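> Take a look and give me a structure for this.
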Amino acid sequence: MFFLLRMAFWLGVVLILLPTGGTQRGPAGNEVNASEAISAASATVHDLKGFCGREPTACTVGSQFVTTIGYRAQAGAKMLYELLTEALASHDAASPAASEAKSEPAASSLQRASSENTLTPADLAPTWRGPPARKAI
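Sure thing, here's the model as predicted:
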């Protein structure tokens, strides 16, 4: 539960620091300096540390809620994984190279072996280097 509170805090900080894209400003009397903001944040964190002691029912319900959401997220991730695995498997099965490799694994090793030593004599000839440099007299 503390992780969620910490994540919400940092997400709020990031959202506050993002540029708004405009020149819209709030009223002049609502400005808060950095020291006031830090002291307010530290007071809030200090207050949240004792929340479960003051409100045990809310902590219990929140814990159950987070557990349920975690299970649902896990089930959703599993469904997504299975869907992607199935889609990629059907995509691989549709390609001719993949179907040959699956049906004949020995054929692929033979093909690999036959692709060795396939350079022609022209491929093996040294590259052109040009005429030797002239000596100055």
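
> residue boundaries of the helices in the chain?
2-17, 34-49, 51-54, 56-94, 96-103, 105-114, 121-124 (DSSP state H).

> Just want the most central residue of this protein.
With the centre of the chain defined as its mean C-alpha position, the nearest residue by Cα atoms, centre = their mean is A77, 13.9 Å away.

> a markdown table please, covering the helices of the chain and showing mean pLDDT and distance to P132.
Every residue, glycine included, has its C-beta placed from N, CA and C. Rendered in a markdown table, the data for these read as follows (pLDDT from 0 to 100; distance: least, Cβ to Cβ, whole Å):
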| stretch | mean pLDDT | distance to P132 |
| --- | --- | --- |
| helix 2-17 | 82 | 67 |
| helix 34-49 | 84 | 74 |
| helix 51-54 | 85 | 86 |
| helix 56-94 | 84 | 55 |
| helix 96-103 | 51 | 49 |
| helix 105-114 | 60 | 42 |
| helix 121-124 | 84 | 23 |
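
> can I get these in a markdown table with distance to R134?
Compiled in a markdown table, these are given as follows (distance: least, Cβ to Cβ, whole Å):
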| stretch | distance to R134 |
| --- | --- |
| helix 2-17 | 68 |
| helix 34-49 | 75 |
| helix 51-54 | 89 |
| helix 56-94 | 61 |
| helix 96-103 | 54 |
| helix 105-114 | 48 |
| helix 121-124 | 30 |
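
> of all the ones you listed, which lies closest to G130?
Using Cβ to Cβ as the measure, helix 121-124 is the one of the helices of the chain that comes nearest G130, at 18.9 Å.

> How far away from the center of its chain is the closest one?
If you compare the mean C-alpha spot of helix 121-124 with that of the full chain, they lie 46 Å apart, counting by Cα atoms, centre = their mean, to the nearest Å.
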